[in-house]
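Engineer: mind folding the following:
(one chain, ligands or ions: 1)
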Amino acid sequence: MRYYILFGPPGAGKGTQAKQIVDKYNYLHISTGDLLRHEIEAGTELGKKAAELIERGDLVPDEVVVGMIRRKITDNPHIKGFLFDGFPRTIAQAETLDSMLNEFGGKVDAVISLTLEDKLVYDRILHRAMIENRKDDMDRATIEHRIATYHQKTEPLISYYKGKGNYREIEGNDTIEHVFANISRILDE
Ligand code: ADP
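Structural biologist: The predicted structure is shown next:
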């Protein structure tokens with residue numbers, strides 16, 4: 001079983017690339033953002049709590065996302081691999097993922113990190129707001145808070161994974177095709 005993390009700031013193109021990776025490699029794409037949005041649409045208790053946090057641009061609690069990830073892994077024992085998108089987002093989530101995969105006899109095979117400067121993150125999210133209908137994409141203050149949250153809580157994961165030797169960086173400010181070619185090179189190794 002292979003485990004990959006698609007990493008990067010909001011708007012870096014993780015969702016777009018994930019679709020192409022799934023088509024070519026048949027990995028199971030797990031986006032914690034998508035899972036949370038499903039909970040919100042279904043009107044579950046979890047969804048109600050998550051909606052408030054997401055609309056503010058805050059993270060939902062680590063235990064919530066870790067629980068969703070564990071369930072997805074245990075529910076899918078017969079697939080080739082997993083592609084995590086938007087997870088882990090904190091050091092605590094990364095540590096829990098490591099011990100969880102260890103328990104399942106696996107490890108994070110590579111962290112594929114798409115880089116994008118803040119100005120472009122901002123522009124891309126505003127552009128996406130016009131196409132998708134995400135509340136957290138529409139408000140400037142929320143976007144700024146998400147970017148700040150990324151720098152504060154998620155960016156430290158770069159050193160964490162560099163220390164483990166499985167961190168790979170790709171320039172996100174490139175065409176979809178070029179980014180995908182670079183990702184494919186890593187996945188083909
Ligand atoms: P983005 O395009 O901003 O990366 P996502 O769809 O990945 O958006 O996530 C949307 C929101 O869902 C985040 O801003 C956050 O509130 C919540 N969320 C998603 N994944 C996580 C996670 N791993 N830990 C905590 N909160 C998360």
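Engineer: residue numbers of this structure in contact with the ligand?
Structural biologist: Applying CB under 6 Å from any ligand atom, one finds that the chain approaches the ligand through 10-11, 32-33, 36, 53-54, 57-60, 65, 86-87, 89, 93, 136, 146. In this view, the C-beta of every residue, glycine as well, is placed from N, C-alpha and C.
Engineer: what does stretch 123-130 contact?
Structural biologist: Pro10, Gly11, Ala12, Gly13, Leu116, Arg134, Asp137, Met138, Ile143, Arg146 (CB atoms under 8 Å, 6 or more residues apart in numbering).
Engineer: in this structure, which residue is most central in space?
Structural biologist: Nearest to the mean C-alpha position of the chain, by CA atoms, centre = their mean, lies Gly86 at 1.6 Å.
Engineer: which residues does it contact?
Structural biologist: Per CB under 8 Å, 6+ apart, neighbours of Gly86: Lys14, Ser31, Thr32, Gly33.
Engineer: try 10 Å this time
Structural biologist: 5-8, 10, 14-15, 18, 30-36, 65, 154 (CB atoms under 10 Å, 6 or more residues apart in numbering).
Engineer: for it, phi and psi?
Structural biologist: Backbone dihedrals for Gly86, given as degrees, to the nearest 10, come out at phi 80, psi 10.
Engineer: what secondary structure does Ile5 sit in?
Structural biologist: Secondary structure of Ile5, reduced to three states by DSSP: H, G, I helix; E, B strand; the rest coil: strand.
Engineer: and it, what are its bridge partners?
Structural biologist: Phe84, Val111 (DSSP bridges).
Engineer: for it, give me the pLDDT.
Structural biologist: You'll see Ile5 listed with a pLDDT of 98.
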